[in-house]
Structures are given as structure tokens and as C-alpha cells.
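*Asks:* take this sequence and fold it.
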Amino acid sequence: MGVIAKQSIKGTIVTYLGVAVGFVTTFFVITRFLTTEQIGLARVLIDAATLFIGLAQLGTNASILRFYPYFVSNSVSPTTQSVGGNREQSAVSENGFFFWTLLVPMVGFVLVAVLFLSCHAPLSAWFGERSQLFVDYYYFVLPLAFFMLYQTVFETNANVRMHIVVPRAVRELLTRIGLLVVYLLYAFQVLDTDGFVWALVGVYALAALCNAAYLFSLGGIDLKPDIAYLRQNKPLVRKYLLYTLFLIISAVASVLAPTLSSFFITAEMGLSYTGIFAIATYMSVMVSIPYRSLTAIASPQLSMAIKRDDRLEAGTLLSQVSGNLLLVGGLILAVIWVNIDVIFAILPNGATYAVARRTVLLLGLGQLLVATFQFALTALSYSRYYPFSLLFSFILTVTALVLNNLFIPRWGMDGAALATLIADVVYFGLAVLTVRVTLQCRIFTRRHLLTILLLLLLFAANQVCIEFVPFANMWLSSIVRSLLIAVVAWLAYRWQLSPEINDIVAKWMHQFNRR
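*Replies:* Numbering: from 1, shown residues only. As a prediction, this is how the structure comes out:
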């Protein structure tokens, strides 16, 4: 975990700097200057583009992580001499890998764009009654999706080369700062609605270009395809094509499920509710932010372990990553929930968004499941048992589709969040069980059980304080209950629920004492 820890720490620092920018944007800009309908428009456009690229990439991101080790080889060149004579230097060749990571998503983009354009009429009929503004800007999804697609492709290429910090900074800092500027320009009427949507596209275009520039600055990037290498490795090509076909089919399910709630709310309740749901989603996503940083560097190592059939290393990675994310994500969710009333109190127009109080908790629990168990799905997708994840993706989508259709008319946004949570429980439960049986990797350990118990006690103690130790002052109540989180964090440290986090804290304390 040494390399993983160092890279993930840097990535997490960058990510949380981005969170700070996102916090300012969400809580002090868009909620103050934008209407809920305008927030909803931005959200549904980005969700639509996310769905678009999930289909258009044809599994490129997962394929990069899975097949990069198979394309990398060492070539020997006698370019370096030592004092005692000749010394051969090993150079890394990627055998034209980068070219295919550009071509495949471009083909996918063209195909999905044709489908997207042909669906304009039926989708306009579905959204038009309550969300005409989205219909008006329907075609803007195309350029937005294009730049989001290649921003991700360049970022993933950097990740497999063990460079995650700069692409993470582009995603979490540059993009968020760009969006903040766009929102402010729109708020002060420098931009009209047309200019606002074009500026959104421009932010992601800039992000894609920055990632491309950084990737090429690393060196060793070859734009030429190596046809000879493919001819010499026909079994690898067949494996890649089958895996890509699998990912195309599974993307229909796995990419659709996370955006279903947003689309259902937009169509059945209107863009205003989509805007409120978006704010609740922004809050809950903080729970899974550590997952993005940690797994960006852990995924390539997991891919290597599975390629070598090293189940011990794969199981260790799965257990450590999931355990760390369960603890950290659980504490973040506790911070949000304990202070939820304060959050809505300081939020501009907070009374408008406070109706999503329970929605935040339900979505946060779903994000905790994502943070803790998504890495198990990653392991499954890298192994020969990857077809199971296709089945699970369809189960996830069908469950979310049925439950959204049932719950939203009854409970509105809370129903959408509950539908997502139940679908996630089914999805990840099947995934963890399958990884245990097929890969013989044990994800759950005693530390996981102790962490869950500690978090349950924390939430129970918080509720007891609310019910039986009421405070007249909301701020004082929040401070006192937040002390419970500090106690739980201290217990987790003392019980060594995460030895990796304990090591990091010990190093920080040692450096601090030396100063």
C-alpha cells in the first residue's frame, strides 16, 4: 500500500481542494443566484452527457485499465554505457495502445450520436410537459458529451501510467473553478441562457485539452497504431473484442441506473425539483470522494494482480481499500447528517432545499455502499468472470427502474433516493458474494464488522441526543453532537480499524514533532 497511499494522499488533497471550490459554488453561488429550474437544467444536461459517454466510450476506460498490462513490453536498447563497458537500457513500448484508446470512443461517439438524434421526438414528448427548457437545449448534449468523453479517456491513460494527481486536479479543481466562473457570469447577467450552456461546454473542452497536454508532456505517447503487434497477438485481440462487446451491453444497464432518478424527476416533477435533488446529490457525493482518489491508483495494481492470478494480493487490496473507504466514508456521512440542519441554515434559500433533508441521508447511504463495494465490481470486471457484472448491471437497472416508477409518485425525491439505495444494496450484495465465490477473495474482515458497529452506535447516539438531550440553540446542539464523531474517530484509531490510516497519521505526527 506504500505507492497507493502516497498517490492517493496527493489525489485526496487535490480532490478535497476541489470539494472546497464545489462547496463554495454549491452553497454560496448557485443556490443564491440561480433558480432551482436553472440548477436543474445544468444538472440534467450533465447527466444526459454522462449517460451518452457511458455508451459512446464502448468500454474504453475499463479496457484501458484491463488491457494496458498486456500491451506494455520492455524493449532493450544499448544507448547507455557504464564505466565498465556497455549497459543495456530497458525502454517501455506500448505497441500502439494509445491510438486504439482514441479511435474506439470516436467510433462509439458517432454511433450514439446517430441514436441520440433519432430519439429527439419521443424524448421531447416525455420531457416537454414539465421540462421544456431541457428540450430547448437538447442538442447541446452532443458537444458537452464529446469533451467529457475525451477528458475521461486522457485521464484514464494517465492513471495507468501512475500519474493521477494532475488529471485529478483538472477534474476536481480546474473544472469546478471554471463552472464557478460560469455560474457567476450567468448570475450577474453577463451571459444569457444560451451563453450559459455554451460556457458549460467550454469548461469541459478546456479540461479535455489540459488532460491531453499533460499526457503528451509525460512522453512515450505514440499516436501510430501497431498493426503488426495485433497480428502477432490475435488471441489478445479476440479477448479485447469480446470484452468490449460485453462492456457495450453492460453500459446500457450500468450507466443508465445512476441517472434514472434525475431523468424521472425531470419528467414527472419538473426541473425545479431536479435542481433541489441535484443539491442533495452534491452533498451526498462527498461520502464517496475518497473512493475516486484511492481507486484511481489501486485499480491498475488490482489489474496486474488479477492478470498474474495473484489472489492473495488481489484479496489484500480489496479488503484494505474497502475497509478504509467504509471508515472514512462513514465518518463523512456522519459529519453531514449531524450538521444537516446547520447546512440548510447557512445555505442561501435553504428553506427551499430543506425538503430534501431525508433525501440527503438516503443518497449518502447509497454513496457509502458505492465507496465501500464498487472496487469489488472492478475486480470482477478484470477477471474471467466479468460476464457476471453484466447480469448484475441489468438487475440494478431493472430494480432502479421499477422502484423509481413506484416510489417517486408516492414519496417524490425521497422515493427516488430510496429506490437508488435499495437497488444498490441488491447490486453490491450480489457482487461481493460472487467475488468471494469465484475469485476466493474475502472482502469482509473483522475490522469491517467493527467499523459498521461503531458507525451504527454513532448514528444511534446522535439520535438519542436529539430526542432526549435537546438544545435550544441549533449551533450548540450541532457542536456537541459533532464531538461524538471525534470520539468515534479516536476509537477507530485506537482499535486500528485501518492500519494504513494509522500509519499515515503516525508519519504526520512524527514530522510535526520533528518541527
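
*Asks:* mind listing what's buried in the strand or helix carrying residue 488?
*Replies:* Taking DSSP states H and E as the definition, residue 488 sits inside helix 474-494. Within helix 474-494, the residues that count as buried by 16 or more other C-beta atoms under 10 Å are 477-478, 481, 484-485, 488-489, 492. All C-beta atoms are positioned from the backbone trio N, CA, C, and that covers glycine.

*Asks:* go on, stretch 339-353?
*Replies:* 339-344, 347, 350, 352-353.

*Asks:* now, those residues that are in helices?
*Replies:* Those of these mapping onto helices are 340-344, 350, 352-353, per DSSP state H.

*Asks:* show the subsequent helix or strand relative to the helix or strand encompassing residue 196.
*Replies:* Assessed by DSSP H and E, residue 196 sits inside helix 193-217. Next along the chain after helix 193-217, taking DSSP H and E as the criterion, comes helix 227-232.

*Asks:* same question for that next one, mean pLDDT?
*Replies:* For helix 227-232, mean pLDDT is 79.

*Asks:* report all helices and strands that that helix contacts.
*Replies:* Applying 3 or more C-beta pairs under 8 Å, 6 or more residues apart in numbering; DSSP states H and E, we find helix 227-232 packed against no helix or strand.

*Asks:* give the buried residues for it.
*Replies:* For helix 227-232, a neighbour-count test (16+ other C-beta under 10 Å) marks 229-230 as buried.

*Asks:* what is whichever helix or strand comes after that helix packed up against?
*Replies:* Per DSSP H and E, the first helix or strand lying C-terminal to helix 227-232 is helix 234-254. Contact partners of helix 234-254 among helices and strands, from 3+ C-beta pairs under 8 Å, 6+ apart: helix 36-56, helix 60-71, helix 387-438.

*Asks:* cutoff 10 Å now
*Replies:* Judged by 3 or more C-beta pairs under 10 Å, 6 or more residues apart in numbering; DSSP states H and E, helix 234-254 is in contact with helix 36-56, helix 60-71, helix 97-118, helix 227-232, helix 357-382, helix 387-438.

*Asks:* what's the angle from the helix holding residue 196 to helix 97-118?
*Replies:* Counting by axes from the mean of the first three to the mean of the last three C-alpha atoms, to 10 degrees, helix 193-217 lies at 160 degrees to helix 97-118.

*Asks:* quick one: helix 193-217 to helix 36-56, angle?
*Replies:* 40 degrees.

*Asks:* give me the distance from helix 193-217 to the chain's centre.
*Replies:* 19 Å (C-alpha atoms, centre = their mean, to the nearest Å).

*Asks:* do the same with stretch 131-140
*Replies:* The answer for stretch 131-140 is 26 Å, by C-alpha atoms, centre = their mean.

*Asks:* and for stretch 495-507?
*Replies:* Using C-alpha atoms, centre = their mean, the offset of stretch 495-507 from its chain centre is 25 Å.

*Asks:* give me the pLDDT for the residue found closest to residue 290 once you drop the neighbours it is linked to in the chain.
*Replies:* Excluding its sequence neighbours, the residue lying closest to residue 290 (C-beta to C-beta, 6 or more residues apart in numbering) is residue 328, at 5.0 Å. Listed pLDDT for residue 328 reads 92.

*Asks:* output the contacting helices and strands for the helix holding residue 488.
*Replies:* So helix 474-494, by 3+ C-beta pairs under 10 Å, 6+ apart, packs with helix 311-338, helix 340-346, helix 446-468, helix 499-514.

*Asks:* mind putting these in a markdown table, distance to residue 36 included?
*Replies:* Output for the helices and strands packed on helix 474-494, formatted as a markdown table (distance: least, C-beta to C-beta, whole Å):
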| stretch | distance to residue 36 |
| --- | --- |
| helix 311-338 | 21 |
| helix 340-346 | 14 |
| helix 446-468 | 28 |
| helix 499-514 | 39 |
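
*Asks:* which one of those helices is the most hemmed in?
*Replies:* The highest mean neighbour count among these, using mean count of other C-beta atoms under 10 Å, belongs to helix 311-338: a mean of 22.

*Asks:* what's the angle from that one to helix 474-494?
*Replies:* Helix 311-338 and helix 474-494 are oriented at 160 degrees to each other (the same axes, to 10 degrees).

*Asks:* can you give me the offset of helix 311-338 from its chain's centre?
*Replies:* With C-alpha atoms, centre = their mean, you get 15 Å for helix 311-338.

*Asks:* please apply the same query to stretch 444-461.
*Replies:* 24 Å.

*Asks:* and for stretch 224-235?
*Replies:* 33 Å.

*Asks:* quick one: end-to-end distance for stretch 213-231.
*Replies:* Using C-alpha to C-alpha, to the nearest Å, one end of stretch 213-231 lies 31 Å from the other.

*Asks:* follow-up on the earlier one: and the ones in helices among the buried residues of stretch 339-353, which two are furthest apart?
*Replies:* The largest separation in those, counting by C-beta to C-beta, is between 342 and 352 at 16.5 Å.

*Asks:* worst-scoring helix or strand of this structure, pLDDT-wise?
*Replies:* strand 73-82 (a mean of 42; mean pLDDT, DSSP states H and E).

*Asks:* residue 409 contacts residue 268, doesn't it?
*Replies:* Yes: the pair residue 409 / residue 268 is scored as a contact, 7.2 Å apart, by C-beta atoms under 10 Å.

*Asks:* of these two, give the one with the bigger neighbour count.
*Replies:* Neighbour totals were compared for residue 409 and residue 268, and residue 268 leads with 19 against 12 (other C-beta atoms under 10 Å).

*Asks:* kind regards, and thank you for your time.
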